[in-house]
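Participant: Below is the sequence, then the predicted model.
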Amino acid sequence: MLDRFRIAKQPELDRLRQLAAAGGLPAPLPAGAGQRPDFLRALLNRAGYPDAPVAVIAEYKRASPSRGVIETGVSPEDAATAYMTAGATAISVLTEETYFGGDLAYLGRMAGVVPNVPLLRKDFIMDPLQVAATAATPAAALLLIVRLTPDARTLRDLREQAEAQGMHAVVEIFDEADLALARESGARIIQVNNRDLETLAVDRTACLRLGPLRAPGEAWIAASGISEHRHLAEAAHAGYDAALVGTALMDGGDLGGALRRLLGGERDR
């Protein structure tokens, strides 16, 4: 699937190159304007619902390659409000269009209703122009995938570019080899994806196996296959700071209720 994802991003990269050549890339948000909440601090402080075993990054995902259409009746604004009210620490926003039904504009739409909640741009980012385009949105962080960009120098350059614009970079891994590359690149926020992006198979024990390898000074996120409160507790026991949850919250359209049940609290916060 990774090759399909790379191919799907080519039209976007072509558009960005044309804009850059014409001097038409959107300007980054002004630094220090309060436009980007601190993604890492929110995770470590477990903002939103501090009594949960780990912070929860609630995801807005309308479709996926493994499931097809998941939920298209909930707007980005309604999703952001529901997640914030139910206790999300941050919101992951799928912006990839071909396979996930996303849109870069969702970031701005969500920030318009929940300006204090950190937003993570989740997409297949592999080029500096994509980082530049993200910097023009209210995203507090963006995702870099080791298997999509398996070169430590490139990962470092993209991460440092993001950080220079006031964003954090979440570097995603699947196994020990990915972890070594992530660390070589200087990554500080590590996301362990239980889903193999080549086969789309999910093995929830992947994050539990890798958790003990966490090093001091790193923040770790568990992702994919997490759907119950006990999964959050298991992630916390394995050393994780946060869990990213998408399909289990989006499926059925009751995003707020699903998140409250996952967190283990039924009242609005």
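Facilitator: Received, thanks. Numbering: from 1, shown residues only.
Participant: check contacts around the nearest residue to Glu71 once chain neighbours are set aside.
Facilitator: Once flanking residues are discounted, Glu71 sits nearest to Met250: 4.6 Å by CB to CB, 6 or more residues apart in numbering. From N, CA and C alone the C-beta is placed, and that goes for glycine too. Shown in contact with Met250 (CB atoms under 8 Å, 6 or more residues apart in numbering): Glu59, Tyr60, Lys61, Arg62, Ile70, Glu71, Val74.
Participant: which one of these is nearest Ala132?
Facilitator: Tyr60 (22.8 Å; CB to CB).
Participant: give me phi/psi at the closest residue to that closest one other than its chain neighbours?
Facilitator: Distances taken as CB to CB, 6+ apart place Ala79 nearest to Tyr60, at 4.7 Å, with adjacent residues excluded. In terms of degrees, to the nearest 10, the main-chain angles of Ala79 are phi -60, psi -50.
Participant: Just checking: what are the partner strands of the lowest-mean-pLDDT helix or strand in the chain?
Facilitator: Within the chain, confidence by mean pLDDT, DSSP states H and E is lowest for strand 68-69 among all helices and strands, at a mean of 84. Here strand 68-69 has these sheet partners by DSSP bridges: strand 63-64 (antiparallel).
Participant: And the contacts of the strand it pairs with?
Facilitator: Residues contacting strand 63-64 (CB under 8 Å, 6+ apart): Val69, Ile70, Thr72, Tyr99, Phe100, Gly101, Gly246, Thr247.
Participant: Quick one: distance of that strand to the chain centre.
Facilitator: With CA atoms, centre = their mean, to the nearest Å as the basis, strand 63-64 stands 15 Å off its chain's centre.
Participant: Now do it, average pLDDT.
Facilitator: For strand 63-64, mean pLDDT rounds to 86.
Participant: any idea where the helices of the stretch 51-200 of the chain begin and end?
Facilitator: Secondary structure of the stretch 51-200 of the chain, counting by DSSP state H, counting those that start in this stretch: helices at 76-86, 105-111, 128-135, 152-164, 176-184.
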